[in-house]
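Asks: Sequence and predicted structure are below.
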Amino acid sequence: MSFELLSPTEMSEADRLSIARGPHDGPALMRNAGAAVAREVLSRYPQARTVHVLAGPGNNGGDGFAAARLLAQAGVDARVYCEGRPVAGSDAAGALADMRLPLLGFDAFAPEETDVVVDALFGAGLARAIGGAYAQAVEKANASGACVVAVDLPSGLSGGSGLVLGTAIRAGVTVTFFRLKPGHLLYPGRALCGDTVLADIGIPADVLSEIGPRTFRNTPELWRETFPWPHSGSHKYARGHVGVFSGGPSASGAARLAAISAARAGAGAVTVLSPKQAVQVNAMHLTAVMLKWIDTPEEAVNFAKDRKMSSAVIGPGFGVGERCVEFLLALAGLGAESPFGLVLDADAITSFADAPDRLFEALAAIGAQTGRERAVLTPHEGEFRRLFPDLADAQGVSKPERARRAAERANAVVILKGPDTVIAAPDGRAAINVNATPFLATAGSGDVLAGIVAGLLAQGMPTFEAAAAGVWLHAEAGARFGPGLIAEDLPALLPAALSELYNGDRTSF
Ligand SMILES: NC(=O)C1=CN([C@@H]2O[C@H](COP(=O)(O)OP(=O)(O)OC[C@H]3O[C@@H](n4cnc5c(N)ncnc54)[C@H](O)[C@@H]3O)[C@@H](O)[C@H]2O)[C@@H](O)CC1
Ligand SMILES: Nc1ncnc2c1ncn2[C@@H]1O[C@H](COP(=O)(O)OP(=O)(O)O)[C@@H](O)[C@H]1O
Ligand SMILES: [K+]
């Protein structure tokens with residue numbers, strides 16, 4: 001499945017360009033869309049005798065009319081409900097004229113549990129909260145227990161943001177066209193779509209070069225070409241050296257989790273940089289990962305230079321406060337001199353809650369010197385709010401857009417975590433992850449992610465691609481374990497996820 005995602009505006013541009021170029025005109029695209037919906041209804045619900053088609057006032061309703069015509073031809077009892085009428089001369093008006101079935105009002109809509117409902121109320125053109133008779137029809141469909149097949153999007157769901165406007169229908173299947181929309185993958189939208197089926201309605205892929213999509217599904221195709229596999233001439237120093245900063249004696253596990261994960265992700269060498277009081281506890285638990293006693297930012301910088309550290313993780317278990325700020329600013333200075341990847345997680349994010357600009361300026365210095373961002377911030381929603389309170393509260397703004405604005409402000413790639421983790425770059429690219437399992441919601445799981453990303457950065461993978469690949473690998477590892485997963489399991493699951501990637505035989509979703 002392709003990885004570009006189109007906003008409603010981009011999708012209508014795709015329709016427009018496609019119609020202008022031919023061979024399919026608007027009515028033909030609509031017939032193809034209707035046929036794809038009818039095909040799905042007939043193949044999934046061959047027993048359904050009554051199919052209720054809810055048609056809205058725009059072209060989404062037009063797809064509904066086109067589907068109803070084919071369903072009726074196939075012998076199905078297709079009942080079509082419509083409140084307003086499509087605008088004269090529109091493609092939808094043409095589809096209505098071709099349909100030749102009676103139109104019923106919404107008050108006659110009374111689906112039974114064993115029926116099928118085709119939801120063709122609103123798709124890409126949803127412009128405001130659903131209310132009135134439309135909302136009542138949605139509630140009736142949801143309460144009936146009937147199987148709902150949504151056309152393009154479950155009505156009420158914003159295709160751009162995945163947010164619900166007013167109320168939304170809950171679909172068992174969603175048939176969408178040409179490319180998925182962000183709303184199919186972002187929560188709460190993802191949970192409303194059921195199975196999402198992507199139908200080819202004859203729009204040529206080359207319209208995308210004019211549209212230039214900036215939002216993607218996070219699949220290996222997005223970053224596979226930049227993945228840093230070793231080659232026959234590789235030696236460990238060529239595979240990068242990651243430093244992971246440890247917290248004190250009672251908070252050192254997070255650093256070890258990140259460190260072993262960086263090693264599993266392919267870094268040639270990994271060192272835990274530990275304060276004196278935690279050296280003993282770290283030493284008792286480390287084998288392949290090295291250990292260095294570091295107490296001051298100067299020592300950290302000197303070690304990084306001497307031992308050619310190429311990336312670092314700071315934050316997990318480190319402790320919130322001025323000490324963390326000082327270490328981070330010193331490391332950012334290091335990054336300004338040479339390509340140096342910096343992953344900031346947990347306490348490193350929280351430590352800048354009172355002065356986020358201080359962090360953003362330091363990260364900007366790296367960008368100014370090296371020509372591109374090399375830092376990755378990995379906040380969950382709570383941490384995101386600490387650095388970007390205005391973006392956290394921005395009403396109606398999609399998660400990719402919030403992450404994008406944050407990335408631009410911070411001069412860093414942002415991994416905004418959650419069930420639909422978004423990876424965004426300052427240049428406006430954003431990827432939505434789809435292969436995670438809720439079993440990843442366990443303490444220490446984020447530390448593993450930070451380590452994987454640092455491991456990939458250390459090997460020279462470009463920042464956005466390293467962040468996206470890290471999120472995918474982390475999720476893929478978690479999905480391989482399932483119930484009972486704890487963070488310690490994840491590093492050992494990475495080899496299987498990496499092997500599948502290496503063998504190149506997997507596409508997810
Ligand atoms: N020829 C084309 O342009 C094609 C269009 N396609 C279909 O067309 C859809 C987009 O069509 P449209 O742009 O007409 O948009 P929609 O049909 O999704 O909705 C637009 C209509 O709904 C009204 N509306 C929006 N929000 C409302 C609300 N909350 N309450 C009441 N009315 C509301 C608008 O005033 C407008 O009349 C796609 O989702 C897809 O299903 C497909 O058939 C492919 C071809
Ligand atoms: N419901 C969920 N479904 C899928 N992944 C999830 C879910 N909740 C959390 N995650 C993932 O689990 C990880 C948790 O990280 P984080 O919140 O930093 O935890 P910790 O700090 O305990 O390590 C993130 O990668 C996040 O995307
Ligand atoms: K719909």
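Replies: Nice, I can see it. Ligands and ions are numbered 1, 2, ... in the order given.
Asks: count of residues packed around whichever residue of the stretch 51-200 of the chain sits closest to ligand 2?
Replies: Ligand 2 sits closest to residue 187 of the stretch 51-200 of the chain, with a gap of 8.9 Å, by C-beta to the nearest ligand atom. C-beta coordinates here come from the backbone N, C-alpha and C atoms, glycine included. Residue 187 has 14 neighbours, counted by other C-beta atoms under 10 Å.
Asks: From residue 9, how far out is it?
Replies: Separation of residue 187 from residue 9 (C-beta to C-beta, to the nearest Å) stands at 22 Å.
Asks: Three-state assignment for residue 493, please.
Replies: With DSSP: H, G, I helix; E, B strand; the rest coil as the basis, residue 493 sits in helix.
Asks: That one - how many residues pack around it?
Replies: 20.
Asks: now do the one 3 residues further on
Replies: The number of residues packed near residue 496 is 13, by other C-beta under 10 Å.
Asks: One more: residue 217?
Replies: 23.
Asks: my read: it touches residue 430, true?
Replies: No: using C-beta atoms under 8 Å, residue 217 makes no contact with residue 430, being 10.7 Å away.
Asks: so how far is residue 46 from residue 439?
Replies: Taking C-beta to C-beta, one finds residue 439 at 35 Å from residue 46.
Asks: do the same with residue 191
Replies: 26 Å.
Asks: Which one's more surrounded, these two?
Replies: The neighbour count for residue 191 versus residue 46, taken as other C-beta under 10 Å, is higher for residue 191 (12 against 8).
Asks: check which helix or strand covers that one.
Replies: Per DSSP states H and E, residue 191 falls inside helix 189-193.
Asks: Show residues contacting that helix.
Replies: With contact meaning C-beta atoms under 8 Å, 6 or more residues apart in numbering, helix 189-193 is reached by 150, 153-154, 157-158, 161-164, 168-171, 174, 183-184, 420.
Asks: Stretch 313-321 spans what distance, first to last residue?
Replies: Start-to-end span of stretch 313-321 (C-alpha to C-alpha, to the nearest Å) is 16 Å.
Asks: what comes up buried for it?
Replies: 313, 314, 315, 316, 317, 318, 319, 320 (16 or more other C-beta atoms under 10 Å).
Asks: Dump the residues you listed into JSON lines; add secondary structure, pLDDT and distance to ligand 1 as well.
Replies: As requested, those are exported to JSON lines (DSSP: H, G, I helix; E, B strand; the rest coil; pLDDT from 0 to 100; distance: C-beta to the nearest ligand atom, whole Å):
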{"residue": "313", "secondary structure": "strand", "pLDDT": "98", "distance to ligand 1": "43"}
{"residue": "314", "secondary structure": "strand", "pLDDT": "97", "distance to ligand 1": "45"}
{"residue": "315", "secondary structure": "coil", "pLDDT": "98", "distance to ligand 1": "43"}
{"residue": "316", "secondary structure": "coil", "pLDDT": "98", "distance to ligand 1": "44"}
{"residue": "317", "secondary structure": "coil", "pLDDT": "97", "distance to ligand 1": "48"}
{"residue": "318", "secondary structure": "coil", "pLDDT": "98", "distance to ligand 1": "48"}
{"residue": "319", "secondary structure": "coil", "pLDDT": "97", "distance to ligand 1": "49"}
{"residue": "320", "secondary structure": "coil", "pLDDT": "98", "distance to ligand 1": "45"}
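Asks: Skipping its backbone neighbours, what lies nearest residue 171 in space?
Replies: residue 150 (3.8 Å; C-beta to C-beta, 6 or more residues apart in numbering).
Asks: mind listing the strands for the stretch 201-350 of the chain?
Replies: Ranges of strands in the stretch 201-350 of the chain, per DSSP state E, counting those that start in this stretch, are 215-217, 241-245, 269-274, 290-293, 311-314, 341-344.
Asks: so can I have a markdown table of the ones you listed showing distance to ligand 3?
Replies: Below are the strands of the stretch 201-350 of the chain laid out as a markdown table (distance: least, C-beta to the ion, whole Å):
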| stretch | distance to ligand 3 |
| --- | --- |
| strand 215-217 | 21 |
| strand 241-245 | 47 |
| strand 269-274 | 50 |
| strand 290-293 | 56 |
| strand 311-314 | 44 |
| strand 341-344 | 41 |
